[in-house]
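Engineer: Give me a model of this one.
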Amino acid sequence: MRSLLARLFILLTLFFPFTVLLAAETYHFDPQHTYVLWRINHLGFSIQYGKFSMVDGTLVVDEAKPQNSKVNVTINMDKVTTGIPKLDEHLLSSDFFDVEKYPTATFVSNKVTVTGKNTGKVYGTLTLLGISKPVILDVKLLKSGVHPMNNLKTIGFSATTKIKRSDFGMNKYLPALGDEVQLDIGAEAHLAK
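Structural biologist: Presented below is the predicted three-dimensional model:
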């Protein structure tokens with residue numbers, strides 16, 4: 001019986017050598033190279049930009065079946081910066097992100113579809129200010145390979161989406177201050193050790 005099992009294992013290894021290589025792998029986002037940029041119309045006069053840095057989370061990549069890949073992200077809301085200290089302080093208040101009550105926002109995927117060679121859509125739930133809403137990310141794979149600085153298998157991508165801040169109860173200064181918020185995401189993730 002052991003001999004039969006051993007032969008079966010050898011046959012599977014010979015005829016399906018890629019099954020192990022293509023197993024789903026878990027990556028951790030590099031907080032120094034993962035961020036969320038946002039932009040919003042400011043009273044019709046300009047477009048205001050801001051950035052959330054130090055984004056944390058995991059990315060499960062299934063190269064054989066990309067539709068089985070998953071994303072789980074946490075954004076530390078107190079890591080917002082606009083380059084204007086007084087505005088940064090205001091954004092932390094209950095008028096906007098209310099970080100004392102809601103220190104983090106999360107995005108958890110529930111579906112991935114492939115739309116091209118290096119593109120896809122990631123469907124998931126964004127939770128902000130304690131309110132959860134569906135969001136679709138348009139994702140573009142930038143590169144996958146060994147990172148030259150740390151020798152870790154790394155994946156990099158960009159993503160975009162639009163949300164309405166009022167959907168999450170952020171109504172201060174509407175309609176003068178824009179409701180629609182454009183999100184541009186850049187991410188690097190390293191294979192978990």
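Engineer: Please report phi then psi for residue 167.
Structural biologist: Torsion angles at residue 167 (phi, psi; degrees, to the nearest 10) stand at phi -60, psi -20.
Engineer: and stretch 35-48, which residues are buried?
Structural biologist: For stretch 35-48, the neighbour count (16 or more other CB atoms under 10 Å) marks 35-36, 38, 40-41, 48 as buried. Placement of C-beta: from N, CA and C, glycine included.
Engineer: out of the residues you listed, who's nearest residue 175?
Structural biologist: The nearest member of the buried residues of stretch 35-48 to residue 175, counting by CB to CB, is residue 41 at 9.9 Å.
Engineer: Bridged to that closest one, which residues?
Structural biologist: Per DSSP bridges, the residues bridged to residue 41 are residue 47.
Engineer: Show the contacting residues for it.
Structural biologist: Listed by CB atoms under 8 Å, 6 or more residues apart in numbering, the contact partners of residue 41 are 47-48, 177-178, 180.
Engineer: Excluding chain neighbours, what is closest to the residue most central in space within the chain?
Structural biologist: Nearest to the mean C-alpha position of the chain, counting by CA atoms, centre = their mean, stands residue 73 at 5.6 Å. If you skip the residues right next to it in sequence, residue 73 has residue 57 as its closest partner in space, 3.7 Å away by CB to CB, 6 or more residues apart in numbering.
Engineer: Tell me which helix or strand comes right after the strand or helix carrying that neighbour.
Structural biologist: Assessed by DSSP states H and E, residue 57 sits inside strand 56-61. Using DSSP H and E, the next helix or strand after strand 56-61 towards the C-terminus is strand 70-76.
Engineer: Provide the strand pairings for the stretch of helix or strand residue 154 belongs to, with the direction of each partner.
Structural biologist: Per DSSP H and E, residue 154 falls inside strand 153-164. According to DSSP bridges, the neighbouring strands of strand 153-164, each with its direction, are strand 131-146 (antiparallel), strand 180-191 (antiparallel).
Engineer: what distance separates the shortest one from the centre of its chain?
Structural biologist: This means strand 180-191. Relative to the mean C-alpha coordinate of its chain, strand 180-191 is positioned 5 Å out (CA atoms, centre = their mean, to the nearest Å).
Engineer: ok, residue 29 - how many residues close by?
Structural biologist: A total of 23 residues lie near residue 29 under the criterion other CB atoms under 10 Å.
Engineer: Check whether it really touches residue 189, as I assumed.
Structural biologist: Yes. Counting by CB atoms under 8 Å, a contact exists between residue 29 and residue 189, whose distance comes to 4.9 Å.
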